[in-house]
Structure formats: C-alpha cells, structure tokens
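Trainee: Okay, structure incoming, though there's no sequence with it:
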C-alpha cells in the first residue's frame, strides 16, 4: 500500500522530470498571474473612462447609505449623466432591490461582466446578482471579499461614465480600503449620517478614514432629517379655519405652533432624530455639508417595491432634496482636486 | 517626530541605480537608498524583524545581499506607493507620510515595536 502522505514524485509515475513543459500547477499559476495582470490593466483604464468616482460611506449601519447612493445616482442620471452604481456591500447587497432589478442575472461575454441597467439608464453591479436566492448569506473572509471587489472593478464592462457611485457596507474596514487602493483618481467620499449623536460620532471615523488615505471628503449628507406632518383644519360644521394657530406635540414633548393658511392647511417638520447634527459635524471637521434628506416613509415603501421615490415622485420632497444635494456635490467636484500629479522617473 | 503636514505632497520620484531622489512640495529633497527603504518596509513580515537587535541585524544582512535594480513604482490609491524590486520584499505599502519621515531621517515607527494588525 502506498503511503498516503508521501510527496508526489513525477519520476515515480514515469513522467519526464526534466521536461520543460509547465506542470498543471504552474499552468494554473501562470493563468492566475495573467488574469491578475489583465485585471490590473482594466482597473487603470477604468480610472480614465469614468470621470467622477464617488464613495458613499457611513460609520454606522442603518443610516440610509444605499438610499442615498441610489438617490444620488438617479438624480444625476435624471440630468442626462451616464451613471453607474457599484454595490460593494458584499454581505448585505440591497441596491438591486431598491432599483427594481431584484431578479436580474448578469450577462458575461468574453470574460467581461456587463452591468444591469436600472431606471434612468443607471448601470448597476452588485453581489445580489450572483446569489441564488436573496436570503442566501455570503459568508466570506476578507481576502475573498477583496477578490470579489477587484473583480467588480476590473472585470466589469462599465463603458464610459460621468459618475460612478460606490456604495459600501458600514464602517471603515476591508471594503473601502480595497477600493481606495485599487481605483485611482477617486474624487472623494460622501458621508451619510442621521442626526443623532451616536451616528455622528461614527461619521467622524469615516472623516478620519478619508484623511488617513489622503482622500477628499466631498461632504456630509444628513438623512432622515425631520419628518413633515401635514393636515387641514376645519370646524365642526366643516368650515375652513384659516390663519388659526394650532399646537402640535412633537417628539421629546416639544410643542410646535403652526398657522393654517388661507385654505386651512398646515404643515410642520418634526425633528424625530434631532436636527442639524450633520451640519455641526461638517463645521467641526471643516468638511462641506451637502444637504438634508427628509424622513420620507415613501422611501421605505418604494425601496421595498423596487420603484425608487425619485422615479415614482420626481417632484416630491425626496427628489427635491436630492437635487439640492447633487447641486452642492457638483459644485465641489467642479472646484477641482488640488492634488498635484506625482512625476515618477 | 514630525507628522507630515497634510498640504505637503510628493512631487517627484527619480529612480536611480541604488537609490531614489524624492522631491517634496515643501522643497525637501532627499536621496533615499533602496537598502534603507527595504529596512523600513512596513509589511507584517519585515516590521517585527526590527523589534530586536538580533533580527534587525539579520534583516540588514539579508538586505545587504540583494542586488538592487530600479524598482517598479505604483501608486496605491492617493495615499501611498508600492515598490516592486526584482529581489527582496515587495509587500510593503509605504504611505507618503512614512516616506516623508524617512526623508527627514525620523524613525517612521516612532520607535514602537510592531503590533500585528495595527496600521
């Protein structure tokens, strides 16, 4: 009986040990090196074929990063820009669901992955497209995630784009670091936060992450910022009560006074999670404030239905808020990156 | 110890046979030898070698035996450079801050021993 632990010796099996032809293992290594080189070249090409690359991050989960990423992408695409979204949230990808691409399968042609196309022509790549079912967990350690991210960058046929929005999982770990290392000329980071202090504290980590990697912080977006309650006032006989002062009990026992208009209508914005924290963080850290996205229950419904709020209600409060954010974002992008080019001889 | 001012950038890197000339935006010019660069490699394998005298001198003698050629230089994001030599360690990612401190002849590790996982 042969020893199962013995080291394989080609001469034992009659193979020519002096042969110059590569072994199967060597062949495999050469192929891996070749595909790695091809990917690296594709990554370099990508840097020039995409005008603006924007990373969307937050220090904390549940603040609405994907909502903001998809909102930014759609708002930019609505203006006629060519836009792509790279959903780097490997273990919890939800961009496709928000854009109604839930059951889409990716098309691969000659080793190149073609992204899915969502509303307004937004190109989307996500781990969700590769999962058998939406409840399939992705249980991967860092190095495997790293490989997948490099594939998303190097093996995807993005074509030329005006904007690539990169949506990350929460935190400052493997995923943003891999993208920051693999993709050249990233314009910077948009940090999404909600107004409460715990979220702001974690956002500061994202700001410092950007500083460590010498990346620009393009600005902070405050999501879930105020909830607008609307109503109309009439007396017991149904007569419109105009110019009436009403008192509305808000969160934390705060009483808001509102005045009805000529039609008896009124509205008030309630600070469900406080307000203004994103702006304060931007001032504390001297980074731009891009704007506030109001708390809009329609965002949740539309995310579940796969029809984004901006698509379903293009003139709604969320769409208006995103238009304001991208206006500010574009101003910052146009003001340019002052980084000087390194000359290597 | 001097932390790099965020406004200071590396403008030029000229590779020579045994060293490279680094020119910084604040006017600092420094010729950094490849031997010195490799000694201060921040990778997880080289860094612990600098923690005690025996392994540090072993690291130096290993580097001394290398035949240096002009390395390939690639940018890592916008914060670091990576060098690919025909021999020796190619794993280290040198942040611009680390390179600047080497040009200032500072200890880029602040004299602290290597802690795995700390960046």
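Mentor: Yep, it's here. The shown structure was predicted, so the numbers you read here are calculated from the model rather than taken from an experiment.
Trainee: tell me the contacts of the most centrally placed residue in chain B?
Mentor: When CA atoms, centre = their mean is applied to chain B, the residue found nearest the centroid is residue B:37 (3.7 Å). Applying CB atoms under 8 Å, 6 or more residues apart in numbering or on different chains, we find residue B:37 in contact with B:20, B:83, B:94, B:102. Every C-beta, even on glycine, is put in place using the N, C-alpha and C of the backbone.
Trainee: Among those, which lie within strands?
Mentor: Residues of those located in strands (DSSP state E): B:20, B:83, B:94.
Trainee: Mind picking the one among those residues that's closest to chain A?
Mentor: If you rank the ones in strands among the contacts of residue B:37 by distance to chain A using CB to the nearest CB, residue B:20 comes first, at 9.2 Å.
Trainee: before we move on, back to that, same list (the contacts of residue B:37) but as a markdown table, adding distance to residue A:127 and pLDDT.
Mentor: Shown next, in a markdown table, are the contacts of residue B:37 (distance: CB to CB, whole Å; pLDDT from 0 to 100):
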| residue | distance to residue A:127 | pLDDT |
| --- | --- | --- |
| B:20 | 40 | 92 |
| B:83 | 33 | 91 |
| B:94 | 32 | 91 |
| B:102 | 40 | 91 |
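Trainee: Between which two of those is the distance greatest?
Mentor: Largest separation among these by CB to CB: B:83 and B:102, giving 12.4 Å.
Trainee: Pick out whichever of these two has more residues nearby.
Mentor: Taking other CB atoms under 10 Å in any protein chain shown, residue B:83 and residue B:102 do not tie; residue B:83 has more neighbours (23 against 20).
Trainee: Confirm for me that the more buried one is in contact with residue B:68.
Mentor: No - if you go by CB atoms under 8 Å, residue B:83 and residue B:68 don't touch, sitting 10.7 Å apart.
Trainee: Quickly check: the helix or strand hosting residue B:98 near chain A or not.
Mentor: Assigned by DSSP states H and E, residue B:98 belongs to helix B:96-103. Yes - Helix B:96-103 reaches chain A (CB under 8 Å from any CB of the partner chain) through residue B:96.
Trainee: List the buried residues in that helix.
Mentor: By neighbour count with 16 or more other CB atoms under 10 Å in any protein chain shown, helix B:96-103 contains the buried residues B:96-103.
Trainee: Among these, which one lies nearest to chain A?
Mentor: Closest approach to chain A among the buried residues of helix B:96-103 (CB to the nearest CB): residue B:96, at 6.8 Å.
Trainee: Which residue is the nearest non-sequential neighbour of that closest one?
Mentor: Closest residue to residue B:96 apart from its sequence neighbours, by CB to CB, 6 or more residues apart in numbering or on different chains: residue B:10 at 5.5 Å.
Trainee: Am I right that the residue nearest to the centre of chain B sits in a helix?
Mentor: Yes - Residue B:37: assigned to a helix according to DSSP: H, G, I helix; E, B strand; the rest coil.
Trainee: Give me the distance between it and residue B:89.
Mentor: According to CB to CB, to the nearest Å, residue B:37 and residue B:89 sit 10 Å apart.
Trainee: What strand or helix carries residue 30?
Mentor: Chain wasn't specified; assuming chain A. Counting by DSSP H and E, residue A:30 is part of helix A:24-49.
Trainee: not what I meant, chain B
Mentor: strand B:29-33.
Trainee: ok, and does that strand reach over to chain A?
Mentor: No - Strand B:29-33 lies apart from chain A when judged by CB under 8 Å from any CB; the minimum separation is 13.5 Å.
Trainee: Need the contact partners of that strand.
Mentor: Counting by CB under 8 Å, 6+ apart, B:16, B:18-23, B:99, B:102-104 sit against strand B:29-33.
Trainee: For stretch B:25-38, which residues meet the burial criterion?
Mentor: B:30, B:32, B:34-35, B:37-38.
Trainee: I'd like the average pLDDT over it.
Mentor: For stretch B:25-38, mean pLDDT rounds to 90.
Trainee: for stretch A:99-115, same thing?
Mentor: Mean predicted lDDT for stretch A:99-115 stands at 84.
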